[in-house]
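1. starting from these lines, generate the structure:
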Amino acid sequence: MTTWQKMILSGLIIGGCLLAGFLWINQSISEPSVTVNPETIRLGVAKLMATNIVFEGSGFKTGDSVLITLVGPNETKVIAAEAPINQDGTFKATVPPLTRAMEFLRADITFNQKFQNVVVVSQPPIPKGIYTVKVESMISKQTAETKLRVKGPSVIDSLKDWIGKVTGKIEHKKTK
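-> Below you'll find the model as predicted:
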């Protein structure tokens, strides 16, 4: 191999390394994004209280935190969760059980004589439909969106709710 060919080969190798480094850096500076798992939830009381709703995002600035809200049918707005942003620009936020009860089901939680949680339903839950999940960072105002489908309870969910009512874990109170 001649000196000229060695110089060209060296230049190609160095150029390739620089390009690979640029692409790696460029991937780590991505636009904010969010996902929700599961993508569909059901509004049966027992089902929703047992469902772990998790929002995960990336591309946010470190040293900040995010607020996650849902906007849906009939101008319904639900504050779902909040989370700090990790050093790598990601976050993971789980909707707490109290939020699932009070915000999604529009119910209360109390205790029975055995100090077990009882969900007290006195009004209808949030409307069924497609909700826009809006994530906004508190300081930098970065945003991301995705969709969450909210469905009514299935027949099995209604059966579980009936069992919950019979066992005293779910109460229905009429509002005046």
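
2. ok, how many other residues are close to residue 166?
-> 9 (other Cβ atoms under 10 Å). Every C-beta, even on glycine, is put in place using the N, C-alpha and C of the backbone.

3. ok, it to residue 172 distance?
-> Distance from residue 166 to residue 172, counting by Cβ to Cβ, to the nearest Å: 12 Å.

4. which one is the residue nearest the centre of the chain nearest to, not counting chain neighbours?
-> Centroid-nearest residue in the chain: residue 55, 2.4 Å away (criterion: Cα atoms, centre = their mean). Nearest residue to residue 55 in three dimensions, chain neighbours excluded: residue 93, at 4.6 Å (Cβ to Cβ, 6 or more residues apart in numbering).

5. residue 108 and residue 117 touch, don't they?
-> No - contact between residue 108 and residue 117 fails when scored by Cβ atoms under 8 Å: they sit 10.5 Å apart.

6. between the two, who's got more neighbours?
-> residue 108 (16 against 13).

7. the more buried one looks like it's in a strand, true?
-> Yes - according to DSSP: H, G, I helix; E, B strand; the rest coil, residue 108 belongs to a strand.

8. ok, it - contacts?
-> Residues near residue 108 by Cβ atoms under 8 Å, 6 or more residues apart in numbering: 101, 102, 119, 120, 122.

9. helix or strand right after the one helix or strand residue 147 maps to?
-> Per DSSP states H and E, residue 147 falls inside strand 143-151. Downstream of strand 143-151, the next assigned helix or strand under DSSP H and E is helix 155-166.

10. how about residue 126: what's its closest non-neighbour residue?
-> residue 76 (5.3 Å).

11. what bridges to the one you found?
-> residue 72 (DSSP bridges).

12. right, and residue 64 touches residue 136 too?
-> No - with contact defined as Cβ under 8 Å, residue 64 and residue 136 do not form a contacting pair (10.1 Å).

13. what residues are shared contacts of those two?
-> Common contact partners of residue 64 and residue 136 (Cβ under 8 Å, 6+ apart): residue 142.

14. contacts only, for residue 67.
-> 79, 82, 135, 136, 138.

15. I'd like those laid out as CSV, including neighbour count and pLDDT.
-> Output for the contacts of residue 67, formatted as CSV (neighbours: other Cβ atoms under 10 Å; pLDDT from 0 to 100):
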residue, neighbour count, pLDDT
79, 12, 91
82, 15, 94
135, 26, 94
136, 16, 94
138, 13, 90
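
16. which of those residues lies closest to residue 48?
-> Ranked by distance to residue 48 (Cβ to Cβ), the contacts of residue 67 are led by residue 79 at 16.2 Å.

17. alright, calling it a day.
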